[in-house]
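Visitor: Predicted structure and sequence below. I'll ask about it afterward.
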Amino acid sequence: MRTLLVPVDGSDCALRALAYVIGQAEDGPISVHLLNVQLLPDNYGMVRAYLSEKEYRRFTTKRAQAALDPAVRRLARAGVPYRAHTVWGDIAPEIVRIARRFKCESIVMGTRGMGAIGNLLLGSVATKVIHLSKAPVTLVK
């Protein structure tokens, strides 16, 4: 059984990547690790002045669950086995770390399709994942 990691952020792009993965189940059995990464507040921002880390994690857990729920429902309807995870940290390195931890054969993720200039100016999680990952990365537009 192939094991795939699908990062989800609640966007249509992430759900298109998930639809691609569900289609892969027709070629043979797969299992999916869904992942939502929440950023930790920086030490110099205003969030830490008003929320403890525990309170912040409780707040962002709700946000993560809202991003994961549509993907969970789609996988359940399709009968594809899955596990959902939420982690906190820098998005691209966390995606790669979780893929390694669960020995995922590949990472399948959506891309917003900003193009080369957008990536150059703004950076791209997908570009960072490609550079950090030893596993194949499939981008779905």
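Guide: Right, received. Where do you want to start? Numbering: from 1, shown residues only.

Visitor: Can you identify each of the helices in the protein by residue range?
Guide: 12-24, 47-50, 53-78, 91-101, 115-122, 125-132 (DSSP state H).

Visitor: Confidence-wise, which of those helices is weakest overall?
Guide: Of all those, mean pLDDT reaches its minimum on helix 115-122 (a mean of 50).

Visitor: What helices and strands are in contact with the longest strand seen in the chain?
Guide: Secondary structure of the chain per DSSP state E: the longest strand is strand 30-38. Using 3 or more Cβ pairs under 8 Å, 6 or more residues apart in numbering; DSSP states H and E as the contact test, the elements touching strand 30-38 are strand 2-7, helix 12-24, helix 53-78, strand 82-88, helix 91-101. Any C-beta I mention is one placed from the backbone N, CA and C, and that applies to glycine too.

Visitor: quick one on the thing from earlier: take the helices of the chain and write them to JSON lines, including mean neighbour count and distance to Ile107.
Guide: JSON lines is the format used below for the helices of the chain (neighbours: other Cβ atoms under 10 Å; distance: least, Cβ to Cβ, whole Å):
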{"stretch": "helix 12-24", "mean neighbour count": "19", "distance to Ile107": "10"}
{"stretch": "helix 47-50", "mean neighbour count": "11", "distance to Ile107": "29"}
{"stretch": "helix 53-78", "mean neighbour count": "15", "distance to Ile107": "15"}
{"stretch": "helix 91-101", "mean neighbour count": "19", "distance to Ile107": "5"}
{"stretch": "helix 115-122", "mean neighbour count": "10", "distance to Ile107": "17"}
{"stretch": "helix 125-132", "mean neighbour count": "17", "distance to Ile107": "6"}
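
Visitor: I appreciate the help and will end here.
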